[in-house]
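*Asks:* Dropping a prediction and its sequence here:
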Amino acid sequence: MKPKFPLGRLVATPGALRALEEAGQSPSFFLDKHVAGDWGEVDDVDKRLNDEALVNGDRLLSAYRTLRGVKIWIITEADRSSTCTLLPSDY
């Protein structure tokens, strides 16, 4: 599937990396969903804002759960310079 936007530099918080490791999952599994426009567990307002951001260049937010039920966020900056994988508590 063709990416819908550039991810820029990839970064992650220690908490998110630990949660992914504990679940036996890699960041790329979630990054692939994010860049394809699968926004995960965000509400309808955030889905609409993400879809609009693909056109107007605002930031993008996706939310997913690891296999162990830990919620992670992926945020791509408005300028598409970087994408961060983090826990909501890291924000």
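*Replies:* It's in. Numbering: from 1, shown residues only.
*Asks:* rest of the way, CA atoms for contacts and neighbours
*Replies:* OK.
*Asks:* list the contacts for the most centrally placed residue in the chain?
*Replies:* Closest to where the C-alpha atoms of the chain average out (CA atoms, centre = their mean) is residue 74, at 2.1 Å. Going by CA atoms under 8 Å, 6 or more residues apart in numbering, residue 74 touches 31, 34, 60-63, 83-86.
*Asks:* Among those residues, which are located in strands?
*Replies:* The strands, defined by DSSP state E, take in 60-63, 83-86 from those.
*Asks:* Tell me the pLDDT of the residue nearest to the centre of the chain.
*Replies:* For residue 74, the model assigns a pLDDT of 98.
*Asks:* Got the confidence number for residue 88?
*Replies:* 97.
*Asks:* sorry, that was for residue 91
*Replies:* pLDDT at residue 91 comes out at 88.
*Asks:* try residue 50
*Replies:* Per-residue confidence (pLDDT) for residue 50: 98.
*Asks:* Now do it against residue 22, distance only.
*Replies:* Applying CA to CA, to the nearest Å, the value for residue 50 to residue 22 is 29 Å.
*Asks:* More neighbours: those two, which one.
*Replies:* residue 50 (22 against 13; other CA atoms under 10 Å).
*Asks:* follow-up on the earlier one: tabulate the contacts of residue 74 in a markdown table, adding columns for distance to residue 11 and neighbour count.
*Replies:* Formatted as a markdown table, the contacts of residue 74 follow (distance: CA to CA, whole Å; neighbours: other CA atoms under 10 Å):
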| residue | distance to residue 11 | neighbour count |
| --- | --- | --- |
| 31 | 11 | 20 |
| 34 | 14 | 26 |
| 60 | 15 | 25 |
| 61 | 14 | 21 |
| 62 | 15 | 25 |
| 63 | 16 | 21 |
| 83 | 6 | 23 |
| 84 | 5 | 20 |
| 85 | 6 | 24 |
| 86 | 9 | 22 |
